[in-house]
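**Q** okay, here's the prediction I keep looking at, along with the sequence it came from:
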Amino acid sequence: MNNREKIWQVVAQIPKGKVATYGQVARLAELPGYARYVGYTMKNLPAGTRLPWFRVVNSQGRLSFPHDSSQYQSQKSKLESEGIVFIGGRFSLKKYQWQPGQES
DNA sequence: CAAGGGGCTGTCA
DNA sequence: TTGACAGCCCCTT
C-alpha cells in the first residue's frame, strides 16, 4: 500500500457532516508533514471516485479554491448539503472538524 | 540533476 | 485578524 492509498483510506473515514484538515488527514495516515501532498493527491483522484474529498479543508476553516472557481462552489454546496453552514466565506472549524473516536 | 508549483501549515510581525 | 515566510512532500518540466 502506497502513501496515496493511505490518504484515501483516511479520507474515506471522514463522517458525513464533518470535515478534516489536510494536515489532520496526513497525521491520521501516519504521514506527518504530508499536508501538501494530501492536497496534491485529492487533485489527482481517479475520475468518478466516490471519495468525499470535499470534506477535506484547510486549517483556516476555509476552502482552498479561488472564491470564484466552480470547484469552490461545488465543494461549498456539497458541504452545505451535509449541514455545514458558511458564514462570510468560511465555517467554524471548531464545530465541524472531525474528532476521530467520537464518530459513530 | 535542478527548478517550479500544488486544494498546506505553524510561526511571527 | 491578516499577511508574509520558510518548511514539507511529490510530480512534472
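**A** Perfect, thanks for sending it. Residues are numbered from 1 along each chain as shown, chains lettered A, B, ... in the order given.
**Q** show the pLDDT at A:Lys78.
**A** The predicted structure scores A:Lys78 at 96 on the pLDDT scale.
**Q** also A:Gly39?
**A** A:Gly39 carries a pLDDT score of 95 in this model.
**Q** and it, how far is that from A:Gly33?
**A** Going from A:Gly39 to A:Gly33 by Cβ to Cβ, to the nearest Å gives 13 Å. Any C-beta I mention is one placed from the backbone N, CA and C, and that applies to glycine too.
**Q** repeat for A:Lys43
**A** Going from A:Lys43 to A:Gly33 by Cβ to Cβ gives 18 Å.
**Q** can you tell me which residue is spatially central in chain A?
**A** The structure's chain A has its C-alpha centroid closest to A:Val56; by Cα atoms, centre = their mean the separation is 0.6 Å.
**Q** alongside DNA strand C, which residues does chain A contribute?
**A** Proximity of chain A to DNA strand C, by Cβ under 7 Å from any atom of the strand, involves residues A:Asn3, A:Gly33, A:Tyr34, A:Ala35, A:Arg36, A:Tyr37, A:Tyr40.
**Q** my read: the third one touches A:Ala26, true?
**A** By that I understand A:Tyr34. Yes: look at A:Tyr34 against A:Ala26 with Cβ atoms under 8 Å: they come within range, at 4.0 Å.
**Q** list residues touching both of the two?
**A** Residues touching both A:Tyr34 and A:Ala26 (Cβ atoms under 8 Å, 6 or more residues apart in numbering): A:Ile7.
**Q** who has more neighbours, those two?
**A** Neighbour count, other Cβ atoms under 10 Å: between A:Tyr34 and A:Ala26, A:Ala26 has more, with 24 against 20.
**Q** so what's the more buried one up against?
**A** Contacts of A:Ala26 (Cβ under 8 Å, 6+ apart): A:Ile7, A:Pro32, A:Gly33, A:Tyr34, A:Ala35, A:Tyr37, A:Val38.
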